[in-house]
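Sharing a model that was predicted from the sequence below.
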Amino acid sequence: MTNWTCKKFTELTTDELYAILRLRSEVFVVEQNCVFLDQDNKDQHCHHLTGWQDDQLLGYSRIVPAGISYVESSIGRIVSSPAARGKGIGRELLTQSIHTLYMLYGERVIRIGAQYYLKKFYESFGFVQKGEIYLEDGIEHIEMLLRTT
């Protein structure tokens, strides 16, 4: 069973923040072989959703208020631990992320910048591509919208 928590940046413990930054670096920098500055000064304005089993961080996303990344609210830095892949953690993480954003800000349009290879995954949740493919840090991305029903 995954234990999901959502905290403001200032509520994170140093151990939680370390685990978050380590997971983001493990996947976005090392696994994807992408040199970029992960700390973009948005974390301080966001809520941080973490999924834990025992003391291991399995899934993470940041819930971004409107006006920080996009006009709309957003979900960013969506990442699952390589150790947890193939067990449904990605689907659980995105479900929890959408639910958490709605709880924090109300049911509204969500815009994300998705890695293009995950397009079908996000479409399975109702996200729709908006705009053309663009390169971000050498990786193909697309903007996607999830409209409320």
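On my side now, so go ahead.

how much space is there between the closest residue to Gln96 other than its chain neighbours and Met103?
Once flanking residues are discounted, Gln96 sits nearest to Trp4: 5.1 Å by CB to CB, 6 or more residues apart in numbering. In this view, the C-beta of every residue, glycine as well, is placed from N, C-alpha and C. Using CB to CB, to the nearest Å, Trp4 is found at 12 Å from Met103.

Between these two, tell me which one has more neighbours.
Higher neighbour count among Trp4 and Met103: Trp4, with 18 against 12, using other CB atoms under 10 Å.

ok so, going back, three-state assignment of the residue nearest to Gln96?
Counting by DSSP: H, G, I helix; E, B strand; the rest coil, the backbone at Trp4 sits in strand.

residues contacting it?
Applying CB atoms under 8 Å, 6 or more residues apart in numbering, we find Trp4 in contact with 49-52, 96.

Going by distance to Leu12, which of those residues wins?
Using CB to CB, Thr50 is the member of these that lies nearest Leu12, at 8.6 Å.

Tell me the bridge partners for that closest one.
Note on Thr50: beta-bridge partners Thr5, Tyr60, judged by DSSP bridges.

Tell me if I'm right that it and Glu16 touch.
Yes. Applying CB atoms under 8 Å, one finds Thr50 in contact with Glu16, separated by 6.6 Å.

what residues do these two have in common as contacts?
Lys7.

Which one of these two is surrounded by more residues?
More neighbours surround Thr50 than the other of Thr50 and Glu16, with 23 against 17 (other CB under 10 Å).

re the thing from before, and the pLDDT for the residue nearest to Gln96?
In this prediction, Trp4 carries a pLDDT score of 98.

Equivalent analysis for Thr149, please.
64.

ok, now Cys34?
pLDDT, Cys34: 86.

Quick check: closest non-adjacent residue to it.
Using CB to CB, 6+ apart, the closest residue to Cys34 is Asp137 (5.1 Å).

so that neighbour sits right up against Leu37, yeah?
No. Under the criterion of CB under 8 Å, Asp137 makes no contact with Leu37, lying 9.3 Å away.
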